[in-house]
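Undergrad: pasted the sequence and its predicted model underneath.
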Amino acid sequence: MEQRSSAVDPQALLITVAPTGAETAKADFPQLPTTLEELVQTAQDCEAAGAAMIHVHIRDDEHRPTLDLARLTDTVAALRESTDLVVQLSTGGSVHDPLEDRLKVLDAAPDSCSLTMGTTNFGDDVFSNPWPFVCDLYQLSQERQVVPEFELFDLGHVAALHRLLDRYGLPHGGAVHCDLVMGVPGGMPGTADALVAAVATLPGQVTSWSATGIGRTTLPVALASLSKGGHLRVGMEDVLTIRKGEQVVNNRQLVERAVALGDLAQRRPMTTAEARTLLRMK
Ligand code: KMH
Ligand code: ZN
């Protein structure tokens, strides 16, 4: 079988957009993309601005978070039809989603799925990721040939990733891509110091990593990530202001800012084809 090269220009910057999330109510933030039409439009705009991957949470007709399989499947199809973005479905869902439903997300056959490496306090809630669930989801991703993105909310999650890779081997395709999710109340802080500590302990098998800082930590984390050679995740899932007191207008604005920050660091947005090479996808 033809082996794709995993060499990607080190100056290329993977920008992932996380446009919706599960935490913000449409009523509170009408510019949040919650319908399929809004999501597709956002995806196209963000791809044009420099994003190469999209991290997707979907909503129902009342704009509430859902893991409805038919909707997820339609969403994957619509995004594939209208963009060339790498389509990553969230298996985290909302803090209220049962673990069984979160496993079924892979039935929608996305290119990639998020895979959080442990339970974390999440504001006043708990984002539950018990070890047996993490193992089941990981093995399912290997079986279904879906490339996981390991979500690391805490240093303990980095240790859990070592344990997972040692026990079950590499993901489908062989790329180990992580995203440091920082500044969640209950997880590691969104600081340069915490980022450096997490990156220093990543397993040797890791082939690429990005970082995102929640809320006001978005800029310190983005700058720290760039200075350590990492990639960026941005979007309304993680931040709703572009600066203190000024609401984000749309996701494209956040992608454009990521491109501008990357430009300062002499990094250029990675193309979708390069992202597929980086993640060792067909
Ligand atoms: N909505 C959070 C509870 C993921 O997408 O995998 C979990 C989350 C992580 O957003
Ligand atoms: Zn998410």
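TA: Received, thanks. Ligands and ions are numbered 1, 2, ... in the order given.

Undergrad: make it CA atoms for all contacts and neighbour counts henceforth
TA: Fine.

Undergrad: got the phi and psi for the closest residue to T120 other than its chain neighbours?
TA: Leaving aside its chain neighbours, T120 sits nearest to F127 (5.3 Å; criterion: CA to CA, 6 or more residues apart in numbering). Dihedral pair for F127: phi -90, psi 110, per degrees, to the nearest 10.

Undergrad: before we move on, which element is the spatially most central residue of the chain in?
TA: With distances taken as CA atoms, centre = their mean, H55 lies nearest the centre of the chain, 4.9 Å away. With secondary structure defined by DSSP states H and E, H55 is part of strand 53-56.

Undergrad: and that strand, average pLDDT?
TA: Averaged across strand 53-56, pLDDT comes to 99.

Undergrad: which stretch of helix or strand covers L195?
TA: L195 belongs to helix 192-200, assigned by DSSP H and E.

Undergrad: distance of the nearest residue to D107 once chain neighbours are set aside from ligand 1?
TA: Distances taken as CA to CA, 6+ apart place L69 nearest to D107, at 7.4 Å, with adjacent residues excluded. Noted for L69: a distance of 16 Å to ligand 1, by CA to the nearest ligand atom, to the nearest Å.

Undergrad: could you report the neighbour count for the residue of the stretch 1-150 of the chain found nearest ligand 1?
TA: Closest approach between the stretch 1-150 of the chain and ligand 1, counting by CA to the nearest ligand atom: G92, at 3.4 Å. If you count neighbours by other CA atoms under 10 Å, G92 ends up with 26.

Undergrad: tell me the pLDDT at it?
TA: 98.

Undergrad: pretty sure it sits against G118.
TA: No - shown here, G92 and G118 do not form a contact pair, counting by CA atoms under 8 Å, at 10.9 Å.

Undergrad: sorry, back to before: which outside residues touch the helix holding L195?
TA: Residues outside helix 192-200 that contact it (CA atoms under 8 Å, 6 or more residues apart in numbering) are D154, L155, V158, L180, M188, P220, V221, A224, S225, K228.

Undergrad: repeat that with 10 Å
TA: Helix 192-200 is contacted by residues 152-159, 180-183, 188-189, 206, 209, 211, 217, 220-225, 227-228, 230 when judged by CA atoms under 10 Å, 6 or more residues apart in numbering.

Undergrad: looking at this, the residue of the stretch 1-150 of the chain closest to ligand 1 is in a strand?
TA: No - the assignment for G92 (DSSP: H, G, I helix; E, B strand; the rest coil) gives coil, which keeps it out of a strand.
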